[in-house]
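Colleague: Sequence and predicted structure, then a few things I'm wondering about:
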Number of protein chains: 2
Amino acid sequence: MAQNSEKTLKVAQQAFEYFTQGLATGEWQAFFDMLTDDFTFWFPMGKFHGLNVGKERAKEFFEYVSESFNSGLKLTSLDHVTSNETTVVFEFRDEGLLLGQPYKNRVAVAFDVRGDKICGYREYFGSDGKSY
Amino acid sequence: MAQNSEKTLKVAQQAFEYFTQGLATGEWQAFFDMLTDDFTFWFPMGKFHGLNVGKERAKEFFEYVSESFNSGLKLTSLDHVTSNETTVVFEFRDEGLLLGQPYKNRVAVAFDVRGDKICGYREYFGSDGKSY
């Protein structure tokens, strides 16, 4: 069990690294390569609000994120990482320009791991997009 | 380390039970008794937005929550529990009436455990208060 937890954490940490690279640069391919075809994700608001199903939908979403933050969204602090055999939760802060306006948020994302891929993602907001 | 994780989980689960009882009934004393005096909490919006320090401030907050949801806020689904040696993250859904209007949300809360008490709490919203 401890071994599974370690492997899960390792896979999720790699995915999180690619995820933050994607946010910063708009280059998402390495992250997409780690998603299962049946990947699902939950997002709190806007046009992707609620449950979204499938890797294609995920590509649409993350590309939309990078269009909205076209100068990049930067991880400024990784505050907590909490994990078990299947899931890793990252609590972090980010900062950038959203459609040209200053943006800051506190975020929790949960990655569900299956094998060496990510099969699920749930995002939660801890602030209002204006402060952290 | 595994033993610490188990104890941390057990303490947090007890606190979470009192927390959900507080949300449902407005009776918060059992939950308050589990908070350290230097308890801090983060909340995503409104008058308690950001970092709040101290147990007295926490009492104010949770009583304010119960005034806003005066017929109770009910946990409808506990979806994921993720934990390590110090922190336990609960992902859940709740439902009630907020100032008389139908309210539903997806929520992640992280409890930080010290000894047999809760020393920190961070809340994140996964939806818009209207759906889950």
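Modeller: Right, received. Where do you want to start? Nothing here was measured: the structure is a model prediction, and the numbers come from that model.
Colleague: next structured bit after the lowest-mean-pLDDT helix or strand in chain A?
Modeller: Scoring the helices and strands of chain A by mean pLDDT, DSSP states H and E places helix A:2-25 at the bottom, with a mean of 94. Later in the chain than helix A:2-25, the nearest helix or strand by DSSP states H and E is helix A:29-32.
Colleague: Specify the beta-bridge partners of the closest residue to residue A:71 other than its chain neighbours.
Modeller: Leaving aside its sequence neighbours, residue A:71 sits nearest to residue A:97 (CB to CB, 6 or more residues apart in numbering or on different chains; 5.3 Å). For the C-beta atoms, the positions are set from N, CA and C on the backbone; glycine is no exception. For residue A:97, the beta-bridge partners are residue A:102 (DSSP bridges).
Colleague: these two touch, right, residue A:97 and residue A:74?
Modeller: No - counting by CB atoms under 8 Å, residue A:97 stays clear of residue A:74, with 10.2 Å between them.
Colleague: Surely residue A:121 forms part of a strand?
Modeller: Yes - applying DSSP: H, G, I helix; E, B strand; the rest coil, one finds residue A:121 inside a strand.
Colleague: Now do it: how many residues are near it, please.
Modeller: Using other CB atoms under 10 Å in any protein chain shown, the number of residues around residue A:121 comes to 21.
Colleague: Look up how far chain B lies from it.
Modeller: Distance of residue A:121 to chain B, computed by CB to the nearest CB, to the nearest Å: 11 Å.
Colleague: my guess is that residue contacts residue A:41, does it?
Modeller: Yes - between residue A:121 and residue A:41 there is a contact under CB under 8 Å: 4.0 Å.
Colleague: Need the residues touching each of those two.
Modeller: residue A:58 (CB atoms under 8 Å, 6 or more residues apart in numbering or on different chains).
Colleague: which intervals of chain A have sub-threshold pLDDT?
Modeller: Scanning chain A for pLDDT under 70 picks out A:1-3.
Colleague: Identify the residue of it closest to chain B, quick one.
Modeller: Using CB to the nearest CB, the closest approach of chain A to chain B is made by residue A:124 at 3.4 Å.
Colleague: Run through the residues that contact that residue.
Modeller: Contacts of residue A:124 by CB under 8 Å, 6+ apart are A:44, A:107, A:108, A:109, A:110, B:91, B:106, B:107, B:108, B:124, B:125, B:126.
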